[in-house]
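Colleague: when you get a sec, could you give me coordinates for this:
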Amino acid sequence: MTQTAPTYPLAGSKTEHERLTRQAALLEAMTERLLRDAGLEAGMRVLDVGSGVGDVAFLAAELVGRHGSVVGIDIHGHALDAARQRAELLGLRNVTFIEGDVHSAALDGAFDAAIGRLVLAYVDDPAVALRAIARRVRPGGVLAFQELDLDPGVHAWSLPEGTLWDQTGRRVIETFARAGTQLRMGRQLFAAFLAASLPAPVMHEEALVGGGADFAGYAWLADVARSLAPLMRKLGVASAEELSLARLAARIREDAVARGAVVWSPPLIGAHARRTQR
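Modeller: Residues are numbered from 1 along each chain as shown. Model prediction:
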């Protein structure tokens, strides 16, 4: 994340770091498809922007292999401390992490690719951020970013509608909206690439979707609501009693199963392009 970001609405605690790791496991396959389609391959030098606790950097490290390398950058040093510890436990020698702003950090040489997931939604001007990131990429190199489209006009993400999944999702999106997040960043990626003087990107859209008792998405949504709960209360979105966090995941699951519902997440949208030869 860059220093142009508004207040990050999710807590930066150890509990939040653990939540991000669980979330990354759900999103990993979608992000891997984007990065492969974008052209990440063995031997590349990659910059991971807004690296957080390192999950996207670790995925990129697998794709570029031992002859490639990944540099993760983030302004949140506490998250990078966790990323470094995880990299050591994983035995990854081709990943390093730098605390700093992508606009001004000392990064040696040009990168073959710059990537990021769920980062541009938290900057004031995504096009300005992309332009700064692109300057770190060699001509012909890859830029690939992935963001949610939290469309506030959508009132249901389940069939049948009116599930606790829907109600919780609306509260989450309302909280992000009041916190100043770029809600439509997924679909805004196309315009942001163009405004940053990059080529029109290739776009991808996927979502988590499922139902039944074993769908992992219930716990994911409850985790997000739990991390946002202090801000929900502060912004008047929902009280602790309304959220009833202790059994929220179980209640979302029980409600969906009782209704025979299929549920889905807001779309995760990817965009990738190559920097022009100039």
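
Colleague: what's the next secondary structure element after the strand or helix carrying residue 96?
Modeller: Here residue 96 sits within strand 95-99, counting by DSSP states H and E. Downstream of strand 95-99, the first helix or strand assigned by DSSP H and E is strand 111-117.

Colleague: just want the angle from the helix or strand following that next one to strand 111-117.
Modeller: The helix or strand immediately downstream of strand 111-117 is helix 126-134, counting by DSSP H and E. When axes from the mean of the first three to the mean of the last three C-alpha atoms, to 10 degrees is applied, the directions of helix 126-134 and strand 111-117 differ by 150 degrees.

Colleague: bridged to the closest residue to residue 27 other than its chain neighbours, which residues?
Modeller: Nearest non-adjacent residue to residue 27, counting by C-beta to C-beta, 6 or more residues apart in numbering: residue 268, 6.6 Å away. Bear in mind the C-beta positions are built from the backbone N, C-alpha and C, glycine included. Note on residue 268: beta-bridge partners residue 148, residue 206, judged by DSSP bridges.

Colleague: how much space separates residue 268 from residue 74?
Modeller: Residue 268 is 20 Å from residue 74, where distance means C-beta to C-beta, to the nearest Å.

Colleague: neighbour count: the two, which is higher?
Modeller: Neighbours of residue 268 and residue 74, each counted by other C-beta atoms under 10 Å, are more numerous for residue 74; the result is 26 against 22.

Colleague: in this structure the more buried one contacts residue 54, no?
Modeller: No. When contacts are counted by C-beta atoms under 8 Å, residue 74 is not listed as touching residue 54 (9.2 Å).

Colleague: which residues do the two both contact?
Modeller: 80, 97 (C-beta atoms under 8 Å, 6 or more residues apart in numbering).

Colleague: who are the packing partners of the top helix by length along the chain?
Modeller: When the chain is parsed with DSSP state H, its longest helix is helix 14-38. Applying 3 or more C-beta pairs under 8 Å, 6 or more residues apart in numbering; DSSP states H and E, one finds that helix 14-38 makes contact with helix 55-64, helix 77-90, strand 111-117, strand 137-148, strand 202-206, helix 217-235, strand 268-274.

Colleague: can you show me the CA trace of whichever helix or strand comes after that helix as CSV?
Modeller: Going down the chain from helix 14-38, the next helix or strand is strand 45-49, by DSSP H and E. Output of strand 45-49 as CSV, limited to C-alpha atoms (Å, rounded to 0.1, in the frame of the first residue of the first chain):
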residue,chain,number,x,y,z
ARG,A,45,12.0,-10.1,-11.0
VAL,A,46,8.6,-9.1,-9.6
LEU,A,47,7.5,-6.2,-7.4
ASP,A,48,4.5,-7.0,-5.1
VAL,A,49,2.8,-3.8,-4.1
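
Colleague: all good on my end, thank you.
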